[in-house]
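Trainee: Sequence and predicted structure are below.
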Amino acid sequence: AQSVSQHNHHVILSEAASLELGCNYSYGGTVNLFWYVQYPGQHLQLLLKYFSGDPLVKGIKGFEAEFIKSKFSFNLRKPSVQWSDTAEYFCAVNPNTNAGKSTFGDGTTLTVKP
Amino acid sequence: ETGVTQTPRHLVMGMTNKKSLKCEQHLGHNAMYWYKQSAKKPLELMFVYNFKEQTENNSVPSRFSPECPNSSHLFLHLHTLQPEDSALYLCASSPQSRQGTTGELFFGEGSRLTVL
(Lines give C-alpha, C1' and ligand atoms only; values in the text may rest on other atoms or scores of the structure.)
Protein backbone atom coordinates (compact mmCIF):
# COMPACT_ATOMS: atom_id res chain seq x y z
CA ALA A 1 0.00 0.00 0.00
CA GLN A 2 1.15 3.50 -0.71
CA SER A 3 1.78 6.16 1.92
CA VAL A 4 2.25 9.90 1.78
CA SER A 5 4.33 12.03 4.12
CA GLN A 6 4.03 15.79 4.43
CA HIS A 7 6.93 17.08 6.47
CA ASN A 8 5.50 20.34 7.73
CA HIS A 9 2.33 20.32 9.78
CA HIS A 10 2.10 24.05 10.29
CA VAL A 11 3.92 26.75 8.37
CA ILE A 12 3.73 30.45 9.21
CA LEU A 13 4.99 32.98 6.69
CA SER A 14 4.80 36.69 6.09
CA GLU A 15 3.35 37.99 2.85
CA ALA A 16 5.78 37.95 -0.08
CA ALA A 17 7.83 35.15 1.47
CA SER A 18 8.57 32.09 -0.63
CA LEU A 19 6.87 28.81 0.11
CA GLU A 20 7.93 25.21 -0.25
CA LEU A 21 5.88 22.38 1.20
CA GLY A 22 7.40 18.93 1.17
CA CYS A 23 5.63 15.77 0.06
CA ASN A 24 7.16 12.32 -0.20
CA TYR A 25 5.41 9.12 -1.08
CA SER A 26 6.17 5.45 -1.00
CA TYR A 27 4.96 3.35 -3.88
CA GLY A 28 6.95 1.28 -6.29
CA GLY A 29 4.92 1.80 -9.42
CA THR A 30 3.75 4.66 -11.58
CA VAL A 31 1.66 7.25 -9.79
CA ASN A 32 -0.47 10.28 -10.43
CA LEU A 33 0.23 13.09 -7.98
CA PHE A 34 -1.97 15.87 -6.68
CA TRP A 35 -2.01 18.86 -4.40
CA TYR A 36 -5.37 19.89 -3.01
CA VAL A 37 -6.15 23.03 -1.04
CA GLN A 38 -8.85 23.69 1.51
CA TYR A 39 -9.45 27.37 2.25
CA PRO A 40 -11.14 28.17 5.55
CA GLY A 41 -14.79 27.17 5.40
CA GLN A 42 -14.52 25.88 1.85
CA HIS A 43 -14.38 22.50 0.15
CA LEU A 44 -11.24 20.68 -0.88
CA GLN A 45 -10.26 21.65 -4.40
CA LEU A 46 -7.54 20.71 -6.81
CA LEU A 47 -4.49 22.97 -6.86
CA LEU A 48 -2.43 21.08 -9.42
CA LYS A 49 -1.75 17.61 -10.74
CA TYR A 50 0.94 15.54 -12.38
CA PHE A 51 0.25 12.59 -14.64
CA SER A 52 3.24 12.41 -16.97
CA GLY A 53 5.57 14.55 -19.05
CA ASP A 54 7.25 17.72 -17.79
CA PRO A 55 7.93 17.11 -14.08
CA LEU A 56 7.41 20.78 -13.30
CA VAL A 57 3.70 21.46 -13.25
CA LYS A 58 1.90 24.72 -12.77
CA GLY A 59 -1.40 25.11 -11.01
CA ILE A 60 -3.78 27.84 -10.06
CA LYS A 61 -2.87 31.02 -8.19
CA GLY A 62 0.83 30.88 -9.03
CA PHE A 63 1.54 27.53 -7.41
CA GLU A 64 3.83 24.97 -8.98
CA ALA A 65 5.16 21.57 -8.02
CA GLU A 66 8.08 19.48 -9.12
CA PHE A 67 8.02 15.72 -9.40
CA ILE A 68 11.41 14.18 -8.64
CA LYS A 69 11.03 10.50 -9.35
CA SER A 70 14.34 9.48 -7.80
CA LYS A 71 13.36 11.11 -4.54
CA PHE A 72 9.70 10.05 -4.61
CA SER A 73 8.88 13.68 -3.98
CA PHE A 74 6.32 16.17 -5.22
CA ASN A 75 7.04 19.44 -3.42
CA LEU A 76 4.75 22.42 -3.73
CA ARG A 77 6.20 25.89 -4.26
CA LYS A 78 5.13 29.48 -4.63
CA PRO A 79 7.63 32.33 -5.02
CA SER A 80 5.61 34.93 -3.13
CA VAL A 81 2.69 34.05 -0.89
CA GLN A 82 -0.32 36.21 -0.17
CA TRP A 83 -2.58 36.44 2.85
CA SER A 84 -5.29 34.74 0.78
CA ASP A 85 -3.09 31.62 0.52
CA THR A 86 -3.86 30.85 4.14
CA ALA A 87 -5.33 27.35 3.93
CA GLU A 88 -4.66 23.69 4.48
CA TYR A 89 -2.73 21.89 1.76
CA PHE A 90 -2.91 18.18 1.08
CA CYS A 91 -0.66 16.07 -1.07
CA ALA A 92 -2.24 12.95 -2.60
CA VAL A 93 -0.95 9.97 -4.53
CA ASN A 94 -2.93 7.72 -6.82
CA PRO A 95 -1.44 4.54 -8.27
CA ASN A 96 -1.72 4.55 -12.02
CA THR A 97 -4.05 1.59 -11.99
CA ASN A 98 -7.74 1.03 -12.35
CA ALA A 99 -8.41 1.30 -8.65
CA GLY A 100 -8.58 5.05 -8.29
CA LYS A 101 -7.78 5.01 -4.59
CA SER A 102 -5.95 8.14 -3.60
CA THR A 103 -3.91 8.27 -0.43
CA PHE A 104 -3.60 11.63 1.28
CA GLY A 105 -0.93 13.12 3.46
CA ASP A 106 -1.74 14.56 6.88
CA GLY A 107 -2.00 18.05 5.47
CA THR A 108 -0.03 21.24 6.09
CA THR A 109 -1.69 24.30 7.56
CA LEU A 110 -0.27 27.47 6.02
CA THR A 111 -0.82 30.75 7.82
CA VAL A 112 0.25 33.88 5.96
CA LYS A 113 0.57 37.00 8.08
CA PRO A 114 -0.35 40.28 6.37
CA GLU B 1 -20.55 25.54 -6.64
CA THR B 2 -18.45 22.40 -6.69
CA GLY B 3 -20.59 20.12 -8.84
CA VAL B 4 -20.81 17.76 -5.87
CA THR B 5 -23.58 18.57 -3.41
CA GLN B 6 -23.80 17.10 0.07
CA THR B 7 -26.73 17.25 2.47
CA PRO B 8 -27.13 17.90 5.27
CA ARG B 9 -24.18 20.21 5.89
CA HIS B 10 -24.46 19.69 9.64
CA LEU B 11 -25.95 16.79 11.56
CA VAL B 12 -26.18 16.12 15.27
CA MET B 13 -27.36 12.69 16.31
CA GLY B 14 -27.54 10.48 19.33
CA MET B 15 -25.92 7.08 19.47
CA THR B 16 -29.23 5.29 18.95
CA ASN B 17 -30.40 7.36 15.99
CA LYS B 18 -30.49 6.35 12.34
CA LYS B 19 -29.68 9.03 9.81
CA SER B 20 -28.36 9.28 6.28
CA LEU B 21 -25.95 11.53 4.44
CA LYS B 22 -26.64 12.27 0.81
CA CYS B 23 -24.31 13.15 -2.02
CA GLU B 24 -25.22 14.12 -5.56
CA GLN B 25 -22.81 14.92 -8.37
CA HIS B 26 -23.64 16.81 -11.54
CA LEU B 27 -20.36 16.17 -13.34
CA GLY B 28 -21.19 13.00 -15.24
CA HIS B 29 -18.60 11.02 -13.30
CA ASN B 30 -18.79 7.27 -12.81
CA ALA B 31 -16.85 6.92 -9.58
CA MET B 32 -17.94 8.16 -6.17
CA TYR B 33 -16.23 8.06 -2.80
CA TRP B 34 -16.81 8.60 0.88
CA TYR B 35 -13.91 10.02 2.90
CA LYS B 36 -13.73 10.78 6.61
CA GLN B 37 -11.83 13.88 7.73
CA SER B 38 -11.01 14.06 11.42
CA ALA B 39 -8.96 16.70 13.17
CA LYS B 40 -5.21 16.01 13.17
CA LYS B 41 -5.61 12.95 10.93
CA PRO B 42 -5.23 12.41 7.20
CA LEU B 43 -8.27 11.88 5.05
CA GLU B 44 -9.45 8.31 5.40
CA LEU B 45 -10.96 6.58 2.40
CA MET B 46 -14.10 4.71 3.45
CA PHE B 47 -15.88 3.46 0.34
CA VAL B 48 -15.46 3.54 -3.41
CA TYR B 49 -18.12 2.96 -6.04
CA ASN B 50 -17.31 2.53 -9.71
CA PHE B 51 -20.23 2.37 -12.14
CA LYS B 52 -22.57 1.85 -9.14
CA GLU B 53 -20.62 -1.17 -7.88
CA GLN B 54 -18.79 -1.04 -4.58
CA THR B 55 -15.12 -1.67 -5.25
CA GLU B 56 -13.62 -0.68 -1.93
CA ASN B 57 -14.62 -1.00 1.70
CA ASN B 58 -11.65 0.20 3.70
CA SER B 59 -12.42 -1.88 6.83
CA VAL B 60 -15.23 0.46 7.76
CA PRO B 61 -17.44 -0.63 10.72
CA SER B 62 -20.84 -1.93 9.72
CA ARG B 63 -22.57 0.97 11.51
CA PHE B 64 -21.71 2.87 8.29
CA SER B 65 -23.64 1.52 5.33
CA PRO B 66 -23.19 3.02 1.85
CA GLU B 67 -25.70 2.94 -0.96
CA CYS B 68 -25.22 3.94 -4.58
CA PRO B 69 -28.49 3.72 -6.53
CA ASN B 70 -26.99 5.32 -9.65
CA SER B 71 -23.79 7.00 -10.79
CA SER B 72 -24.99 10.41 -9.65
CA HIS B 73 -26.10 9.62 -6.11
CA LEU B 74 -24.36 8.23 -3.08
CA PHE B 75 -25.70 7.75 0.41
CA LEU B 76 -24.09 6.95 3.73
CA HIS B 77 -26.53 5.40 6.18
CA LEU B 78 -25.59 5.88 9.81
CA HIS B 79 -26.75 3.60 12.61
CA THR B 80 -25.75 3.36 16.30
CA LEU B 81 -22.71 5.55 15.87
CA GLN B 82 -20.14 6.33 18.54
CA PRO B 83 -18.90 9.75 19.66
CA GLU B 84 -15.54 9.02 18.00
CA ASP B 85 -17.37 8.89 14.66
CA SER B 86 -17.84 12.65 14.89
CA ALA B 87 -16.02 14.09 11.88
CA LEU B 88 -16.43 15.77 8.53
CA TYR B 89 -17.64 13.27 5.95
CA LEU B 90 -16.61 14.16 2.44
CA CYS B 91 -18.10 12.87 -0.75
CA ALA B 92 -16.05 12.97 -3.92
CA SER B 93 -16.42 11.92 -7.51
CA SER B 94 -14.00 11.29 -10.32
CA PRO B 95 -14.20 10.60 -14.01
CA GLN B 96 -13.87 6.87 -14.44
CA SER B 97 -13.70 4.91 -17.64
CA ARG B 98 -13.54 1.16 -18.10
CA GLN B 99 -9.81 1.64 -18.62
CA GLY B 100 -9.32 3.35 -15.31
CA THR B 101 -9.15 6.74 -13.67
CA THR B 102 -6.53 9.41 -13.13
CA GLY B 103 -7.59 9.66 -9.52
CA GLU B 104 -8.45 13.35 -9.72
CA LEU B 105 -11.14 13.97 -7.14
CA PHE B 106 -13.91 16.54 -7.04
CA PHE B 107 -15.11 17.08 -3.50
CA GLY B 108 -18.33 18.24 -1.96
CA GLU B 109 -18.35 20.66 0.94
CA GLY B 110 -18.83 17.88 3.46
CA SER B 111 -21.32 16.92 6.12
CA ARG B 112 -20.21 17.83 9.63
CA LEU B 113 -21.41 15.03 11.91
CA THR B 114 -21.55 15.26 15.69
CA VAL B 115 -22.48 12.16 17.66
CA LEU B 116 -23.60 12.82 21.21
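Mentor: Arrived safely.
Trainee: which sections of chain A are below the confidence cut-off?
Mentor: A:97-100 (pLDDT under 70).
Trainee: cutoff 90 now
Mentor: For chain A, residues meeting the criterion pLDDT under 90 lie at A:1-3, A:7-8, A:27-31, A:41-42, A:52, A:94-102, A:114.
Trainee: Can you name the residues of it that neighbour chain B?
Mentor: A:4, A:32, A:34, A:36, A:42-46, A:49, A:51, A:90, A:92, A:94-107 (Cβ under 8 Å from any Cβ of the partner chain). (Glycine included, C-beta is placed from N, CA and C.)
Trainee: now the residues you listed: which count as buried?
Mentor: Neighbour-count burial (16 or more other Cβ atoms under 10 Å in any protein chain shown) applied to the residues of chain A next to chain B gives A:4, A:32, A:34, A:36, A:43-44, A:46, A:49, A:51, A:90, A:92, A:94-96, A:100-107.
Trainee: which ones among those are found in strands?
Mentor: A:4, A:32, A:34, A:36, A:46, A:49, A:90, A:92, A:94-95, A:103-104 (DSSP state E).
Trainee: Pick out whichever of these sits closest to chain B.
Mentor: Checking these against chain B by Cβ to the nearest Cβ gives residue A:94 as the nearest, at 2.7 Å.
Trainee: Now the closest one. Nearest residue, chain neighbours left out?
Mentor: Counting by Cβ to Cβ, 6 or more residues apart in numbering or on different chains, residue B:103 is the residue found nearest to residue A:94 once chain neighbours are left out, at 2.7 Å.
Trainee: hang on, that neighbour in a strand?
Mentor: No - counting by DSSP: H, G, I helix; E, B strand; the rest coil, residue B:103 is located in no strand; its state is coil.
Trainee: Quick one: residues contacting the residue in chain B that chain A sits nearest to.
Mentor: Nearest residue of chain B to chain A: residue B:103, at 2.7 Å (Cβ to the nearest Cβ). Applying Cβ atoms under 8 Å, 6 or more residues apart in numbering or on different chains, we find residue B:103 in contact with A:32, A:34, A:92, A:94-95, A:100-102, B:94.
Trainee: With residue A:104 instead?
Mentor: Each residue near residue A:104 by Cβ under 8 Å, 6+ apart is listed here: A:4, A:36, A:90-92, B:42-43.
Trainee: what's the closest of these to residue A:55?
Mentor: In terms of Cβ to Cβ, no member of those lies closer to residue A:55 than residue A:91, at 15.1 Å.
Trainee: And for that closest one, the neighbour number?
Mentor: Look at residue A:91: counted by other Cβ atoms under 10 Å in any protein chain shown, it has 29 neighbours.
Trainee: Am I right that it is in contact with residue A:74?
Mentor: Yes - in this structure, residue A:91 is within contact of residue A:74 by Cβ atoms under 8 Å, at 6.3 Å.
Trainee: Can you check which residues contact both of the two?
Mentor: Counting by Cβ under 8 Å, 6+ apart, the residues touching both residue A:91 and residue A:74 are A:23, A:25, A:33, A:35.
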